[in-house]
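A.B. asks: Any chance you can model this:
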Amino acid sequence: MSAQKTEQPAVPTLGQNPSATASTTSVPIPHETETKFAHDDDKSSNEDGIDAKDILNLGSKSKGVIEMEALKDRINNKWRFVIYLFFMFVSYSLSLDQSTATPYLNYAVSKGFKLHSLQASVAVVTSIFSAMAPTPIAKFADYFGRVYAEIGCLILYTVGQAVMASAKGIVQFSAGSCIHTLGISGMFMLQNIIIADISSLRNRYWWLVAPSVPQVFNAFLGANVASSMLGRGDPNNSWRWGIAMFCILIPPITTPIILTLWRGTRPSKTVKAQLKQIKHERAAQTTLGERFWADAKDIFWKLDVIGLVLFVAGIGLFLVTLTLANSRYNKWSDAHTIAQLIVGFAISCGFVVWERWFAPIPLLPFALIKRRTVVGCCLIALWHPLAGRCVSTYLYTYLQVAADQSQISATRITTFPTIGGWVTAVIGALVARRFRVLKPIIIFGMFIETLATGLMLRYRTSGSTQAELAIIQVLRGASNGFIPYPIQALIQAAAPHEHLALVTAGWTAIYYVAFGIGAAISGAMWTNIVPDKLNTYLQGNQTLVAAAYSDPLTYATVWPVGTWQRDGVARAQDEAQRTMVIVGTVISFLGMLTAIFVLENLKLTDNQSLEESEEYITDAEKKQKKALAISTVRDGPVPAQ
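C.D. replies: Predicted coordinates:
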């Protein structure tokens, strides 16, 4: 890894003021008192409306961004290849973990703890943590640096797996699952953020896709790996080693990434000496207590702790209500469900008010949130999962019961979108690299999704052949490669580097929330349509209705195709699927309109970010940039001088 000298560093040299010579002027330290700022000889800040209070409130540039700018200047192609290669290994291993998690969970709660009914509860809690994790982790990565964030997520992942593997009861297992979810969600998100930090916009789509391509094999291998682990030893405990093996596998694979990042982002000897001198000067001027409270306030405001608490509480309460409202014991009309929705909505409104008018350093500036491309990408991050969940939530049951497909056939048909998505993602990435645009690719993807979903009205019926059912799934899967990855690359192109991590995290959170909303919508349609239709087509036989609704897979083995008992169930599910497909088609069409009329056709360059995006900032952020020019970086580093 070679350091490249730059004529102008990303930030001023520590201990040197840009408006004066290094030999005569020292830079005020962010944690010093306002008195020192008031007596600063540099008057340029006051001329532009920047005073000590502005500097203290706005703070310095994020450490994580400064580190990655330094890494990008220093790194060569050899070390960049090392990072991408090990990201591929980590991505594949984490994907294998996810593809085997459901069988292990099933065995753990059923055979290990004898509490099969709580399997759904564990899944609900972990899905909620998946949605809440990205934003706090991204903020942590900005403030403390990508290296510490990666180490923290690795520790969370390993500890979570260890707790799950050694759990003596369902409570311990659930706690471990939550910790593990924080770790694995953070590691996946940090992979995308770090790749965006060190890649050009022209190649961003490709490098977001390439490390994840091997995951396609897990669609087939995951079940085999889980089966081989569960088939060994005591079935009540065989799942433990299936979980524990990832504690051994993941840390060594992740270590080269951490070491490469650490080697590339550590400050030079000169910067280290300057930092040491600053710390000595600060220690001589302030007491330990004053430094502690200054650092505590610095962390509190720069991490926007109030905003993060409001965000996590609001989204968590919303997802809990959304997930449980259609369960066996809860309904939308229940008083506590309505109360939870009201409280969740109030907290979410409080988050918006805080971020808009009161947060000294908001998670994201509102000027950026209002940008057309950011709005459009977030809307598509809502429409795309919504449409997908509407037509896929009950697909496996529908294929086996109404379409009379075997278990193997149903499993393969449901995995076709995943396989098709990886193929088209590679094609789309190559096209984007050649023509340097993303908007046409996204429009094409939304068009295919709308077309595929609409064709399901004709080719997803109980009378459809296996080939018709499979082809329509492949077509829908083809759209997946042209939507999520280019959308992520486009929203990153629309944001300054300073806000890249949080824009990525916000986009990810919307995606997870959309999955929950989609599941709730499909669940509402299923529970409101199927029982009534079963009652009609099964001639009012409540015994048959109850059996066909509560356990349709077992019901299908009792009544063969051709009997009125089985055909009645097929007709009921046909009508439910038709409604779901219509809703999914409308939502997909909204996504296509959003892609056409809202997204900007940004031209991809060979730089890490667009100049126009760097300048797309509010007046407050312009002041912050001025503050950066007259304040020192809190704890470095800067590019090699």
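A.B. asks: For the spatially most central residue of the chain, which residues are in contact?
C.D. replies: Central residue of the chain (CA atoms, centre = their mean): Thr508, 3.2 Å from the mean position. Remark: with contacts taken as CB atoms under 8 Å, 6 or more residues apart in numbering, Thr508 is in contact with Pro134, Met189. C-beta: built from backbone N, CA, C; applies to glycine.
A.B. asks: Ala410 now?
C.D. replies: Taking CB under 8 Å, 6+ apart as the test, what Ala410 contacts is Tyr396, Leu399, Gln400.
A.B. asks: Repeat that for Thr265.
C.D. replies: Contacts were defined as CB under 8 Å, 6+ apart; by that measure Thr265 touches Glu67, Met68, Ala70, Leu71, Gly145, Arg146, Val147, Pro637.
A.B. asks: Distance of it relative to Glu614?
C.D. replies: From Thr265 across to Glu614, the span is 21 Å (CB to CB, to the nearest Å).
A.B. asks: what about burial for the contacts of Ala410, which qualify?
C.D. replies: Listed as buried from the contacts of Ala410 are Tyr396, Leu399, Gln400; burial here means 16 or more other CB atoms under 10 Å.
A.B. asks: List the residues that contact the second one.
C.D. replies: Going by CB under 8 Å, 6+ apart, Leu399 touches Gln405, Ser409, Ala410, Ile413, Thr414, Leu469.
A.B. asks: Next one, pLDDT for it please.
C.D. replies: We note a pLDDT of 92 for Leu399 in this prediction.
A.B. asks: Please identify which helix or strand holds it.
C.D. replies: Here Leu399 sits within helix 395-401, counting by DSSP states H and E.
A.B. asks: Could you single out the nearest of the contacts of Ala410 to Trp293?
C.D. replies: Comparing the contacts of Ala410 against Trp293 with CB to CB places Tyr396 closest, at 56.3 Å.
A.B. asks: contacting residues for the closest one?
C.D. replies: Applying CB under 8 Å, 6+ apart, we find Tyr396 in contact with Ala410, Thr411, Thr414.
A.B. asks: longest helix of this protein?
C.D. replies: When the chain is parsed with DSSP state H, its longest helix is helix 500-537.
A.B. asks: and the helix or strand immediately after that one in the chain, how far from the chain's centre?
C.D. replies: Once the chain leaves helix 500-537, the next helix or strand it forms, by DSSP H and E, is helix 542-550. Using CA atoms, centre = their mean, to the nearest Å, the mean C-alpha position of helix 542-550 is found 39 Å from that of the whole chain.
A.B. asks: what's the answer for stretch 593-601, then?
C.D. replies: Averaged over its C-alpha atoms, stretch 593-601 has a centre that lies 22 Å from its chain's centre (CA atoms, centre = their mean).
A.B. asks: quick check: mean pLDDT across it?
C.D. replies: Confidence over stretch 593-601, taken as the mean pLDDT, stands at 96.
A.B. asks: Just the C-alphas of that stretch, formatted as PDB.
C.D. replies: Extracted as PDB, the C-alpha positions of stretch 593-601 are listed here (Å, rounded to 0.1, in the frame of the first residue of the first chain):
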ATOM      1  CA  LEU A 593     -43.600   6.500 -12.600                       C
ATOM      2  CA  THR A 594     -41.300   7.500  -9.800                       C
ATOM      3  CA  ALA A 595     -38.300   6.300 -11.700                       C
ATOM      4  CA  ILE A 596     -39.400   8.200 -14.800                       C
ATOM      5  CA  PHE A 597     -40.500  11.600 -13.400                       C
ATOM      6  CA  VAL A 598     -38.600  12.000 -10.000                       C
ATOM      7  CA  LEU A 599     -35.100  10.600 -10.500                       C
ATOM      8  CA  GLU A 600     -32.400  12.700 -12.000                       C
ATOM      9  CA  ASN A 601     -30.200  11.300 -14.700                       C
END
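A.B. asks: Name the residues of it that are buried.
C.D. replies: Along stretch 593-601, the positions that meet the burial threshold by neighbour count (16+ other CB under 10 Å) are Thr594, Ala595, Val598, Leu599, Glu600.
A.B. asks: Same question for stretch 246-256.
C.D. replies: Within stretch 246-256, judged by 16+ other CB under 10 Å, the buried ones are Phe246, Cys247, Leu249, Ile250, Ile253, Thr254, Pro256.
A.B. asks: Count the neighbours of Tyr567 for me.
C.D. replies: No Tyr there; residue 567 is Asp. The tally of other residues near Asp567 (other CB atoms under 10 Å) stands at 16.
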